[in-house]
Each structure stands twice: as structure tokens, then as C-alpha cells.
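Asker: What shape does this take:
(one chain, ligands or ions: 2)
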Amino acid sequence: MNSEEERLQPFEKRILCIGAGYVGGPTMAVIALKCPTYKVTVVDINARRIEQWNSPQLPIFEPGLDEVVQKARGRNLFFSTDVAAGIREADIIFVSVNTPTKSFGLGAGAAADLQYWEKTAQQIIDHSDGAKIIVEKSTVPVKTAEAMQRILSSNQKGIHFEVVSNPEFLAEGTAVQDLLEPDRVLIGSLPTETGKTAAAAIVGIYAHWIPRERILTTSLWSSELSKLVANAFLAQRISSINSLSALCEETQADVTEIATAIGADSRIGSKFLNASIGFGGSCFKKDINNLVYIARSYNLQETADYWEMVLKINDFQSRRFVGKVIRQLFNTLVGKRIVLFGFAFKANTGDTRESPAISVTRQLLEERARVVISDPQALDNARLDLADVENQVEFEPDPYRAAAGARALLVLTEWDLYRKLDYQLIFQGMEKPAFIFDGRNILDHARLHEIGFHVFPIGKPALTHY
Ligand code: UDX
Ligand code: UDX
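Answerer: Ligands and ions are numbered 1, 2, ... in the order given. Just a heads-up that it's a prediction; the model follows:
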């Protein structure tokens, strides 16, 4: 076969993904990489985003993503704004549009806003002329698939759509690695023949690179609920350790030693026990709010209250952190230059959604501090998050320039670069007394103390010079 014939070979399957965000983009890039005989198209209503996916400068920063996209793009991976054409030619449609917390009406602040999902279902009906498998990739409230199945089945064309749930567990910053080697892939379907066949088709995609025993198949509802529960459990571990970090600070215990001691118990496990200023990200808060809302809607008040506490502790932790900064800086921040090292909600991403840094900044501004924000990837997003107070904040990518003349440094994101700075040099350029509040416990506190800083970690004794 010559290369021209090869190019014209029909693809074995045509996969479409609606929504080219943090989830849809990387997931489809890896599927395309691993399934070269499938044509994978990603569409989005946001033309700018698609333009970026087609350019050398991808719209999101993820380690390893550039390489994956470069290998597959134009070969069997395509980014487009033509939703209608994409739907027409696809056998399998992943829906990865956003499902934010509702900001209006019934369930405002708690329930998921499914307007984009429903609109997408309607588009699928309008542009389909044959049977398709619809894969729920967005995190959705349990039973959404049922609603979608109903909407899709109401089509007047007699087309059969089978809805399958395949929640995504990737974490930002490690998305490519998580997709290449997931702990598990979850696929939920109806127990009917068509449901099982559809699930098998989705299993067939992942089986290209994931050992079969790591691909779990469940009922549709278990799959949907598992996604919310996985995020709730992860967030709960962080709130658990953070709630105890407050107690450690009162008792001179060390939260890292406690995490190590309890994490050595294989029943507890050592991951996700890093005390911090609190969790951020697009998922944890939204999904717990959603879980709480669902529990309340079934009148399960205790279940709802239990999970709601995870969010309350998270708020408490970031307020507690700012409270400590104010107290230690002699109860006034007016006119003081306070520098945030990190604005992203975690390291290795430019994403700032629900980042605790947003509320920390606003609290500092209320105290009339001069806030300087430094971050290697997240300053563009930070500017958007703080658009209403942009003129009160300085954005400075260079940490040394940011720290010059500062009174306090607040480490809010665990970027590796902050571990490696020359703190001796930084100390020299700061106003005295100089403070470091390590909201991620990533710095060498003893060394900083030796240099002359007053050091305030999370959940550990402070190192001061008083
Ligand atoms: C989102 C949700 O937040 C998450 O709950 C879900 O699991 C997957 O989708 P993410 O990919 O991080 O996660 O969201 P985002 O980066 O906002 O991407 C969603 C994309 O869908 C956006 O690019 C948006 O333009 C697009 N979209 C939205 C459509 O193409 N059509 C729509 O009707 C609505
Ligand atoms: C999370 C889930 O991990 C992932 O499976 C799901 O698909 C989406 O939501 P993500 O939000 O990208 O992923 O990042 P994650 O690594 O879970 O971190 C979430 C937040 O918790 C971050 O702000 C992080 O800094 C914080 N965190 C994490 C802690 O404060 N302490 C820890 O020990 C771990």
C-alpha cells in the first residue's frame, strides 16, 4: 500500500468529543495516540480554544501533553468548531462540556447546572442520522444518564442512542500520566443487551493500552455516583488532616510526623495527607456540593451534613491562614507588601479555578495590604480571577523581583521552583522583620530560620526569633 492509499484508508471507528477543556482535550489526545486506527475529533463552541489546540501553544499546560498532541494531531486527532459535522460522522460521542454549580434558581450554589449537557443532547439529536453511543465524561449528578437517555430517546427520527457513563479520574498536572496509566477506568451502562454492547465498545477503546483487569464495568448509577464519591473521599482526607493541623499548631505536634505515622498503616495509606491552605480545583468543591444537594434531596440530612463539613473545614483553613498572617504582622497589614508565591490551585498547572489563593488575596486586600502575586504559569488566569481588583494587585512572574521590599512571603502553591530559590538573597532584599508563611510545607524551615526569617509552617511549631 502506498502512502496515498494508506491516507485514504477508512478509520476503524470515529470518536467525537464535545468540549475541548481540561478533561476532553488531554483524554482525546491520549486515545488518539493509543488508537491510531480511530479518528478522534474534538469540538468546542469556543473558537479561540480550538484555534489554540491547533497551534503550537496549547490552551492548557500539562506536562507531556505537547508531545502527545504533536504525534497524533493531523494524523487521527483533529480539533474543530464544526459540531454538526462531528456529530454526523461519529460512532461514539464523548460529552465533556462543563457542569458548573448552578448559580441561580432551585439548587443555586449546590446543584449541578446541566444546561450545557441538555443543549448538547439536543444538538446530538439534531445532527444524527444513525445510532450512536453517547458517553458521559463530564461529572454529573447521579441519574443524569437517565434524563439524557430520555431526552435522546424522544427523537423523532427513530434513532437509538445508548448512554454510557465513563467518568474521568485524571488530576491536573499529571493528566497525561494518569491517562496513560490509570489506576482504573470505570464504565457504567444499563443492564440491557444494547447497554452491554455499548459498554463493550468503550472497553474496546481503553483495552488498546490498559490491562483488562483495570477496566471496571458497573451499573450506570454506580459509575456516576463513584465519581462524586471518589472526589469527596479525596477531599475528605485533606480536610481531615487540615482540621488536625490547627490542633498541631496549638499543641506543638507536627502534622507531617503525624501524617507519616498514620500513613504507614496500610489501611490508611500515605497519599493525600499533605496539610495545606486548603484544596482548590474545579472538581472537589463542585462535586461535594452536588453530593450534599443530592443527599438533601432524598432527605438524608446526616449524610449531607457529614460531607458538607469537608467544605466548611476547607474554608476554615484558608481563613485561619490569613488570620495568622494578620496576627503575626502585629494586627495590621495596611500598606505592607505581601507576596504570594503561587496562585495556581496546585503545582504544574496554570489552572486557578477555586484556588484558595483567590480568597487569600481578597482577604489581604480587605486588610489593605499591597499584594504581589507571582506564579510561573497562572498569572493570566489570576488576572481574570481578580479583574475587579486588578489595579490593587501587582503581578510579577519573577519571584526575586516580587519579594524585593516585601514584609511577608506566603507560599500558596507547591511549585518546585520555590524550594530552590536563594532565600539568603531574598531575605536581604526584604523589610525586617521578614516573615514566611509556608502554606504548603515545602520549604526548609530550619534553614529559613537560620537565615533570619520568622517561619510559620502549617501544623508545625513556628520558628521565630522572639
Ligand atoms: C468539565 C467539568 O468541569 C467537569 O465536571 C467534567 O467532568 C468535564 O468537563 P473541564 O474539562 O475542566 O471539566 O472544563 P472546561 O475546561 O470548562 O471545558 C469544558 C469545555 O466545554 C469548554 O471549552 C466549553 O467551551 C465547552 N462547551 C461548553 C462546549 O463545547 N459546548 C457547550 O455547550 C458548553
Ligand atoms: C481531582 C482528583 O484527584 C481527580 O481524580 C479528579 O478527576 C479531579 O479532581 P485535581 O483537582 O486536578 O484532581 O487535583 P488534585 O491533585 O486532586 O488536588 C486537588 C487539591 O487538593 C489541590 O488544591 C491540591 O493542592 C490539594 N491537595 C492535594 C492538598 O491540599 N493536600 C494533599 O495531600 C493533596
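Asker: got a list of contacts for stretch 286-293?
Answerer: Applying C-beta atoms under 8 Å, 6 or more residues apart in numbering, the contact partners of stretch 286-293 are 99-101, 107, 109-112, 139, 141, 227-229, 231-232, 235, 304, 307-308, 310-311, 354. For the C-beta atoms, the positions are set from N, CA and C on the backbone; glycine is no exception.
Asker: Of those, which belong to helices?
Answerer: Filtering the contacts of stretch 286-293 for membership in helices, criterion DSSP state H, returns 227-229, 231-232, 235, 304, 307-308, 310-311.
Asker: if we can go back for a sec, pull out whichever of the contacts of stretch 286-293 are also neighbours of ligand 1.
Answerer: 99, 139 (C-beta under 6 Å from any ligand atom).
Asker: What subset of the contacts of stretch 286-293 is buried?
Answerer: By neighbour count, with 16 or more other C-beta atoms under 10 Å, these hold 99, 101, 107, 110-112, 139, 141, 227-228, 231-232, 235, 304, 307-308, 310-311, 354 as buried.
Asker: Ligand 2 contacts on the stretch 51-200 of the chain?
Answerer: Residues of the stretch 51-200 of the chain lying close to ligand 2 (C-beta under 6 Å from any ligand atom) are 168-172.
Asker: Whichever of the residues you listed end up buried, select them in ChimeraX.
Answerer: The ChimeraX command for the buried members of those (criterion: 16+ other C-beta under 10 Å) is given here:
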select :168,169,170,172
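Asker: Just give me the closest of the residues of the stretch 51-200 of the chain next to ligand 2 to Asp388.
Answerer: Of all these, the one with the least separation from Asp388 (C-beta to C-beta) is Glu172, at 25.3 Å.
Asker: one step back: pick the one among the ones in helices among the contacts of stretch 286-293 closest to ligand 2.
Answerer: Closest to ligand 2 out of these is Asn231 (5.4 Å), distances taken as C-beta to the nearest ligand atom.
Asker: what sits against Asp438?
Answerer: Asp438 makes contact with 411, 445, 455-458 under the criterion C-beta under 8 Å, 6+ apart.
Asker: Closest one to ligand 1 out of those, please.
Answerer: Minimum separation from ligand 1 among these (C-beta to the nearest ligand atom) is found for Val411, which lies at 25.2 Å.
Asker: residue boundaries of the helices in the stretch 351-466 of the chain?
Answerer: 356-366, 379-385, 399-403, 423-429, 445-451 (DSSP state H, counting those that start in this stretch).
Asker: Would you point to the one among those helices that's packed deepest?
Answerer: Among those, helix 356-366 has the highest mean neighbour count (mean count of other C-beta atoms under 10 Å), at a mean of 21.
Asker: Apart from its chain neighbours, what residue comes closest to the residue in the stretch 201-350 of the chain positioned nearest to ligand 1?
Answerer: Across the stretch 201-350 of the chain, the shortest distance to ligand 1 (C-beta to the nearest ligand atom) belongs to Ser282, at 4.8 Å. By the measure of C-beta to C-beta, 6 or more residues apart in numbering, the closest residue to Ser282 outside its immediate chain neighbours is Arg353, 4.2 Å from it.
Asker: what sits against that neighbour?
Answerer: Counting by C-beta under 8 Å, 6+ apart, Arg353 has contacts 280-282, 345.
Asker: and what of Ile338?
Answerer: Contacts here follow C-beta under 8 Å, 6+ apart; on that basis Ile338 touches 325, 364, 369-372, 406-408, 410.
Asker: hang on, the earlier thing: from the contacts of Arg353, which ones fall inside helices?
Answerer: Assigned to helices by DSSP H, none of the contacts of Arg353 qualify.
Asker: Name the residues that touch stretch 89-100?
Answerer: Counting contacts by C-beta under 8 Å, 6+ apart, the residues touching stretch 89-100 from outside are 13-21, 23-24, 27-28, 41, 87, 112-114, 116-117, 120, 124, 132-140, 166, 168, 201-202, 205, 286.
Asker: One more pass at 6 Å, please.
Answerer: When contacts are defined by C-beta atoms under 6 Å, 6 or more residues apart in numbering, stretch 89-100 is touched by residues 13-19, 23-24, 112-113, 116, 120, 132-135, 137-138, 140.
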